[in-house]
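[1] Build the 3D model from these lines:
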Amino acid sequence: MREVLGGHLLRQGKALVPTLVVTKRVKDGPNFKGDITSWTKVHKDLSRLLRDSNAAAVTTMLDYYGLPTDFPGMTTRPRGTPTERAAHVEEAMASVVGHTRFIPYL
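    The predicted structure follows:
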């Protein structure tokens, strides 16, 4: 996927820099990445990435079916198709993050 998206964006003069969510930071040794366990951890990483003024946009590519229940919008999802329910969570995430350069994607 990185090759497809990266090539497309590079032709438009934008570089793709994929980052895995850090789920546990440790003082010595490598941090733990992947396996989303809470919104707090994701939100912390998104905030850190959005502080980089050189980033044109910050987005997510998360598995909707594996999201923890503490993600914005998860407990208030409407009835409807999976696409409609995921869109509700994306909108809630965008509202909580509150940054114009943030584009949620599930």
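[2] measure the spatially most central residue of the chain to residue 93 for me?
    With distances taken as C-alpha atoms, centre = their mean, the residue of the chain nearest its centroid is residue 60 (2.8 Å). Remark: distance between residue 60 and residue 93 (C-beta to C-beta, to the nearest Å) = 8 Å. Bear in mind the C-beta positions are built from the backbone N, C-alpha and C, glycine included.
[3] Give the residues shared as contacts by the two.
    Residues touching both residue 60 and residue 93 (C-beta atoms under 8 Å, 6 or more residues apart in numbering): residue 104.
[4] Could you identify the helix or strand that succeeds the one helix or strand residue 92 maps to?
    Per DSSP states H and E: residue 92 is located in helix 82-97. Remark: after helix 82-97, the chain's next helix or strand is strand 102-103, criterion DSSP H and E.
[5] Run me through the strand neighbours of that next one, direction for each.
    Here strand 102-103 is paired, per DSSP bridges, with strand 58-59 (parallel).
[6] How about residues contacting the partner strand?
    Contacts of strand 58-59 (C-beta under 8 Å, 6+ apart): 46, 49-50, 99, 101-105.
[7] among those, which ones are buried?
    The neighbour count (16 or more other C-beta atoms under 10 Å) marks 46, 49-50, 102, 104 as buried among the contacts of strand 58-59.
[8] OK, contacts around the residue nearest to the centre of the chain?
    Contacts of residue 60 by C-beta under 8 Å, 6+ apart are 42, 46, 93, 103-106.
[9] do the same with residue 39
    Residue 39 touches 68, 70-72, counting by C-beta under 8 Å, 6+ apart.
[10] Any chance of a PyMOL selection covering the buried ones in these?
    One line in PyMOL is enough to select the buried members of those, burial here meaning 16+ other C-beta under 10 Å:
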select buried, resi 71+72
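[11] so can I have a markdown table of the contacts of residue 39 showing secondary structure and distance to residue 55?
    Formatted as a markdown table, the contacts of residue 39 follow (DSSP: H, G, I helix; E, B strand; the rest coil; distance: C-beta to C-beta, whole Å):
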| residue | secondary structure | distance to residue 55 |
| --- | --- | --- |
| 68 | coil | 25 |
| 70 | coil | 25 |
| 71 | coil | 22 |
| 72 | coil | 21 |
